Structure formats: structure tokens, C-alpha cells
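**Student:** after the sequence you'll find the predicted model.
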There are 2 protein chains.
Amino acid sequence: MSVTIREVAREASVSVATVSRVLNGKGPVQAETARRIRTAAKRLHYVPHGGARSLITRRTTTLGVLLPELHGEFFSELIRGIDVYARQKGYHLLVSSSHSDRAESEEMVRAMRGRVDGLIVLSPDVRPHALKANLPERFPVVLVNTAGGAAFDSLTVDNFGGAVEMVRHMISLGHGRIAFLQGPSANRDATERLRGYREAMAEHGKDGTMEIAGNFREESGYEACRRLLAGKNRPTAVFAANDSMAIGLLCAFQEKGIRVPQDFAIAGFDDIPIARYVTPPLTSVSVPIAELGARAAQVLIAGLEADPVRRRRRETLATRLVVRSSCGESGSRPRSASGTAYG
Amino acid sequence: MSVTIREVAREASVSVATVSRVLNGKGPVQAETARRIRTAAKRLHYVPHGGARSLITRRTTTLGVLLPELHGEFFSELIRGIDVYARQKGYHLLVSSSHSDRAESEEMVRAMRGRVDGLIVLSPDVRPHALKANLPERFPVVLVNTAGGAAFDSLTVDNFGGAVEMVRHMISLGHGRIAFLQGPSANRDATERLRGYREAMAEHGKDGTMEIAGNFREESGYEACRRLLAGKNRPTAVFAANDSMAIGLLCAFQEKGIRVPQDFAIAGFDDIPIARYVTPPLTSVSVPIAELGARAAQVLIAGLEADPVRRRRRETLATRLVVRSSCGESGSRPRSASGTAYG
DNA sequence: CAAGTTCGTGTAAACGATTACAGAGGTGCG
DNA sequence: CGCACCTCTGTAATCGTTTACACGAACTTG
């Protein structure tokens, strides 16, 4: 069936050991012999059997990536960041996505181990405790945006800080009553952004916060419109936990003839590419997603190749406030500018 | 280090053969023995070594997915579709994305083989010829949205048909001079949509087509505005090869005070989630991306497990015209409706 | 009760690579 | 010349599974 190292050896009239040495660049081999082996391998389209190799080397050169049900930009950017770095270092990616419950996620952890050298885990469903139980001693894991305990390396985006900064920005523009449109309560990004909102509001003595349920989808932003306009002490601004919801809301406002930002200011979170192309351009918080992925891969691979008993790393990546015109103040700015970044 | 089948066998006081039989559900084993083995395996957190297993069974239960540089919705939806189906069938996914040139893609084909049982390939860079040369005889491959020749199974979205349908729709609304905003010329989806546009225009005797270069990004839609408004025989409508560009263009129009659809009609392609939440809601062509992925996985797995010399499959998945208000006619429709679908 | 069948289990041979070890041949040096 | 020491290559053990085959025990059947 598939061509093995033995056939290459026969073709080049040498032993399998020599073929292996040439192909892995180890040990001294005569130039002429090496050349003969290489052409034989090429002619036969030889590719080493990954399984056989990993059996003896005890390495798979593969990273596992465990993701929850994710949509759109975030998912693709993250994988892209991971993939680019991993490939550059010669690693493959075994991806498992769309997990919606704990049992499924924990099952995948088991299924993946024995096929990968390390794991990048995003699923908020996976309990660190269960991870430890299902993995061999000192199996390298990097937790991303996941509450992790001290057992593993972990990477986080500064959702809290970004939210604080955004609220401060809105307050500085004169908004007093700022509502918050929440993400899913099980999502850590969402809860951290909420925490930041509360913190910044409290810090300015605004304790009358208004929090509306949402689920990160456009439609829940659209539906939040009704509740925002109800009641007598109507807010003047709303901070959505992500851009998708902000855009859904923007749409609802536009239908009702409510002008943004004059009648109502809107801010989002994530700075998805489309944020600058809605009308008005959306003020948001930029999250370095691809960088997050690349960094995760980097930390994991470093952990793989280095001293296994080193200290656990815990990093937070900064977000960046991107001011456009949906919150007012900079509405006349030309579109071609990507917004002003501070922080 | 890692716990092997031998240790499980010792723990349960049986031979490795019996452990293997129990864990794979093959061969007759006494109920009591099986129970003892299962608890031993659980207690030791035993997981079989994938490499060793694939060495003897000659299967990896892993599918390779080769993707070009993709962004946003398309990427995540596709992977989701593939992953859900594959996992359900017990397969893992080895993903390699973000390939921008031919050499890189073809290198990955080589790197993947020997680690996967079959390949799903989207990269337009990979020449079927090179695929054949780099893969073993009768290696299962499914080409998705890729010009493939008869050598492999292939799946396509009916980009051509969708574009034809959209242009007909626009013409039926009374638009005469319809411009087309192109995607990248190397992208097959883009060229098929262009071909559909030309076909439908010709079929109505409109040979004065107007084609503007673009690259699928929002920004190129934004920039197309200038060229659309220049010249004296200005079009009354524009069909963008994807939604992102349509939205960029919409934004540019809004800034210039051009009303959509009254002054200028816009249509897109893809029906990304946000399309219904821009103002006005975007008329588009819905593409069943997740279904495309799932179907690709299905065809590949079928090919893996079935008679290896069966006929090559070639399928086209239908698109669906989604009428909203950016082309006029149905502007007063309530937002909650997702648009009218025909086709 | 002998012979065949079935059941439950163990023994050992694969699978395809890497690599420790050994050996052959050549070279340098005392 | 003899010994040590390179350089190059081959032999064979090894990794952790699966599975063909063998074997004993228990059971069926004529």
C-alpha cells in the first residue's frame, strides 16, 4: 500500500538506518549516499508514517486545540494566529470545536490525549480539575480566556480593563446613565466585561447601573432596544458586551428613527472588521485575537520543549480603545482613518 | 511516563489481548473480566496511544483539512460543519489554514499525508495534478469549491446559479444598468459569481456590463463608491460579489447621502449574519456553508469506508436568494422576518 | 463416551519508524 | 607496525497496539 522506509532503503541499496539518518539530518553520511537516498525517497513519494514515528520518538508534533461553540471572526482569527505560529515551528493542529456541554468537552480531552503533545483549551465548560484528572502528569496545557487555577499556563485578554476604559471614555463624553448589554452569563469574556462596567460605574459614583440580558448575537441586541426605551429614567448610552449586539441594536434604533449618537450613544467590544463600516462607525474595544492565538501556541511549544517543571505562566493581553463616532465627539472624522487608539 | 495497555493488563490480571478486546468491543469476553478491565483502565486513566494504534490498523481516524487564507464567517462555519459530522463519526480533524501560495499548500499536503486517512481541500492554489503526484494511489480527497478535474470527489456551491438568480431578480425590479463588484480573480467563488452576472446580463440583452475590481474586503467596497459614481452613464444598481464589500459600499453611500435603495440599489452574496442588521437590510444570496462542510466530511468518510474504486462524485449545493430591502420593492417588510426565500 | 463446537483467554507476530551498538575500513601517531 | 580514533554503514531492539493462532475447559450431540 503506502511506501515505507524499507522500500526507499532497497531502492537506494542501503539500510533503513541510513535512510532515516539522511532524512532526519542526524549522524554522518557520505554525500553521494545521501543524494542517492534523497532522490529515491522523492521518486517513491516517500513520507514517513507519523504513527510509527511518534511511537518511538514519543512526540507527535501536534497540538490539540479545544474550542467551544464559537462563531465568526473570533474563531477564525484565533485559529489563524495559532496555526501560523505552530506551523512555523513544525507543529500540526488537531482541532475540535463546537462543544456545547461539559461532558462532550471532557470526552474530547480524553480522545485527544495520546494524539497530541499539548493542548490549547478555550472551553469554559472544562473544569481545570477534570483536565488534571484526565491528563497524564505534567501534560502541557495552555488555558485561554478560561478560569484556570494555578495548575496550568494561562492567557487572557484584558476584558475587564477594556471595559473599564470604555466606560470611562463614555463618562468623559458626558454620558451619565449608561446601560450595559450583557453576553452569555457562562462566558468568561462576557462576565469580565460586565465586571469592568460595574467597576467603572462605581468608581464614578454611578451605582444605578442598568443591565440587560443578551447572548452575543445580533438578534439579542436588536431585541434589547425595547427594554432600553421602556421605563422613565431612560439611559443616554449603552455599552454592548460585543459588536454583534451593538450592531443589532444600532439597526433597531435606526428603524425607530432614533439618531446615534445624538439621541443615544452606542459602544461595542471586539472591534470586528465591520465595526468601522456600519453607520455611524462603531466605537469599540479592539481585541488582539490572532496575537492571542499565536501567543498561546508560543507558550505551549515553549512548555513542550523546555524544562517541564518551570513556573506556571499567567499573562494578560492588553486591549485597545478604538474611538469612532457612535458615542459622539468625533463624528466628523473622515472614514478612512481607523479611529483613534489610546491605551 | 504514559500508562500503556500492559499496565492495565497487569492491574486487571489479564493479558494485553484481553484488554484490547474489551476496549474495542471485539471478541467474546466474560462479563466479570470485562468489568474488572474497565475499572482498571479508568483508574489508571488509560488512553490508547494513537500512533501505535494507527500503525497496526493502518487508519488514523483523522481527516485533514487544507484551507487557504480565509476570514470571518466562512472559515468558522465551514469547520463547524466538518467538525460536527466528523466527530459524530469518530474522526478527528487535522487543520491547516492560511495558505497563501502554492508551494506552501503543496508542502502541507505532503506533511499531512501519513497522518490522516483522507483530505478535504479548499485551497485554490493546489493543482489537482500536484495533489495526485504527492499522494498515494487512491488516497481519498474531497475538493471543495476548487477546480478539480475528474480525479477527485468534488463539492461546489452553486455560485453561478445564485448570481444568475440575483441579477434576474434585480432586473425584474426594473434595474437596467447593474454594475458588478468583483472578488479576487484567483478565487473560484468570485469568478463563478462574475460568470453568473455576465450570463444573466447577456440573457437580457444587457451587454454593457460594468465590472469593478475588488478583493472581498469591506474596504474595497468602500473604495468602489468613487468609480461607481464617476462617468456619465451611471448604473442604478450594484451587485457585490460578497456581503462584506456590499456593506463597505453601503457605508460609503451613506456618507455621501446617497439613499439605498431609492438612489442606488445594492445586493450582496453570502448572507452573513450581519446582513439583515445593516441599514437597509441587505438583499443577498444565502450559501449553506456549514452544510457544505458537513457534506464534504460525509462524502470523504463514505469514500474512506466504502469500495475504493467507486465513481467520483461531483455535487453542487444550491444557494438561496434572500430578498430584503436594499434592492427596493420589499422595504416596508418588518425586520423580524428573515427575508423571503425563493429558489 | 468420543468427537466436535463454542467460549474465554493467552502468546507472539506484525506494523514502520528511530537509534544504541557494533563493525569495517581508513588515517594519524608514537 | 600497532594502537587509537575517526567516518560511515548495518543489525537489531524498541515503542504500544491489534489480531491470527493456539489451547484448555465446558458443553453438545450422536
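**Tutor:** Structure received.
**Student:** and the stretch 1-150 of chain A, which residues reach DNA strand C?
**Tutor:** A:1-2, A:4-6, A:16-17, A:20-21, A:23-24, A:26, A:46, A:48-49, A:52-53, A:55-57 (C-beta under 7 Å from any atom of the strand). Backbone N, C-alpha and C define where each C-beta goes, glycine included.
**Student:** near DNA strand D, list only the ones from those.
**Tutor:** A:16, A:17, A:21, A:52, A:55, A:56.
**Student:** on that earlier part again, quick one, which of the residues of the stretch 1-150 of chain A next to DNA strand C are buried?
**Tutor:** Buried by 16 or more other C-beta atoms under 10 Å in any protein chain shown: A:4, A:5, A:20, A:21, A:23, A:46, A:48, A:49, A:52, A:53, A:55, out of these.
**Student:** for the first one, give me phi and psi.
**Tutor:** So the one you mean is residue A:4. With angles defined as degrees, to the nearest 10, residue A:4 sits at phi -110, psi 170.
**Student:** separation between it and residue B:101?
**Tutor:** 31 Å (C-beta to C-beta, to the nearest Å).
**Student:** likewise the fifth one?
**Tutor:** For residue A:23, the distance to residue B:101 under the criterion C-beta to C-beta works out to 25 Å.
**Student:** with the last one instead?
**Tutor:** Distance of residue A:55 to residue B:101, computed by C-beta to C-beta: 34 Å.
**Student:** for the ones next to DNA strand D among the residues of the stretch 1-150 of chain A next to DNA strand C, name the two members farthest from one another.
**Tutor:** Distance extremes for these: the farthest pair is A:21 and A:55 at 18.5 Å, using C-beta to C-beta.
**Student:** so how far is the helix or strand where residue A:169 lies off the chain centroid?
**Tutor:** Using DSSP states H and E, residue A:169 sits in helix A:159-172. Taking C-alpha atoms, centre = their mean, to the nearest Å, one finds the center of helix A:159-172 at 21 Å from the center of the full chain.
**Student:** residue of the stretch 101-250 of chain A closest to DNA strand D, please.
**Tutor:** Nearest residue of the stretch 101-250 of chain A to DNA strand D (C-beta to the nearest atom of the strand) works out as residue A:114 at 7.0 Å.
**Student:** span of stretch A:285-294 from start to end?
**Tutor:** 20 Å (C-alpha to C-alpha, to the nearest Å).
**Student:** what do you get for stretch A:45-55?
**Tutor:** Stretch A:45-55 end-to-end distance (C-alpha to C-alpha) = 22 Å.
**Student:** just stretch A:135-153 next, same as before
**Tutor:** End-to-end for stretch A:135-153, by C-alpha to C-alpha: 15 Å.
**Student:** does it reach chain B?
**Tutor:** Yes - between stretch A:135-153 and chain B, judged by C-beta under 8 Å from any C-beta of the partner chain, the touching residues are A:135, A:136.
**Student:** what residues does that stretch touch?
**Tutor:** A:78, A:109, A:113, A:117-124, A:126, A:128-129, A:131-132, A:154-157, A:188-189, A:292-293, A:296, A:299-300, A:303-304, A:308-309, A:312-314, B:1-3, B:45 (C-beta atoms under 8 Å, 6 or more residues apart in numbering or on different chains).
**Student:** helices along chain A, start to end?
**Tutor:** Using DSSP state H, the helices of chain A run over A:5-12, A:16-24, A:31-44, A:50-57, A:72-88, A:102-112, A:128-134, A:159-172, A:188-203, A:218-229, A:243-256, A:289-305.
**Student:** how about the residues of the stretch 1-150 of chain A that lie near DNA strand D?
**Tutor:** Close to DNA strand D, as judged by C-beta under 7 Å from any atom of the strand, the stretch 1-150 of chain A has residues A:13-18, A:21, A:27-30, A:33-34, A:52, A:55-56.
**Student:** gap between residue A:58 and residue A:260?
**Tutor:** 58 Å.
**Student:** circling back: what helices or strands is the helix holding residue A:169 leaning on?
**Tutor:** strand A:178-181, helix A:188-203, strand A:237-240, strand A:265-267, strand A:284-286, strand A:320-323 (3 or more C-beta pairs under 8 Å, 6 or more residues apart in numbering or on different chains; DSSP states H and E).
**Student:** packing partners of the fourth one?
**Tutor:** Read it as strand A:265-267. helix A:159-172, strand A:237-240, helix A:243-256.
**Student:** do the same with the second one
**Tutor:** The criterion is 3+ C-beta pairs under 8 Å, 6+ apart, and the helices and strands that helix A:188-203 contacts are helix A:159-172, strand A:178-181.
**Student:** buried residues in the first one?
**Tutor:** Right, helix A:159-172. A:159-171.
**Student:** let's test this: mean pLDDT of the helix holding residue A:169, rounded?
**Tutor:** In this model, helix A:159-172 has a mean pLDDT of 96.
**Student:** what does stretch A:90-104 give?
**Tutor:** 86.
**Student:** just the buried positions in it, please.
**Tutor:** A:91, A:92, A:93, A:94, A:95, A:96, A:97, A:98, A:99, A:104.
**Student:** so who does the closest residue to DNA strand C within the stretch 201-343 of chain A touch?
**Tutor:** Closest residue of the stretch 201-343 of chain A to DNA strand C, C-beta to the nearest atom of the strand: residue A:305 (14.5 Å). Not one residue lies near residue A:305 by C-beta under 8 Å, 6+ apart.
**Student:** show the contacting residues for the spatially most central residue of chain A.
**Tutor:** In chain A, the residue lying closest to the centroid (C-alpha atoms, centre = their mean) is residue A:78, at 4.3 Å. Residue A:78 is in contact with A:67, A:70, A:122, A:144, A:289, A:290, A:292, A:293, counting by C-beta under 8 Å, 6+ apart.
**Student:** try 10 Å this time
**Tutor:** A:65, A:67, A:70, A:120, A:122, A:144-145, A:289-294, A:296, B:76 (C-beta atoms under 10 Å, 6 or more residues apart in numbering or on different chains).
**Student:** and it, how far is that from residue A:144?
**Tutor:** Residue A:78 is 8 Å from residue A:144, by C-beta to C-beta.
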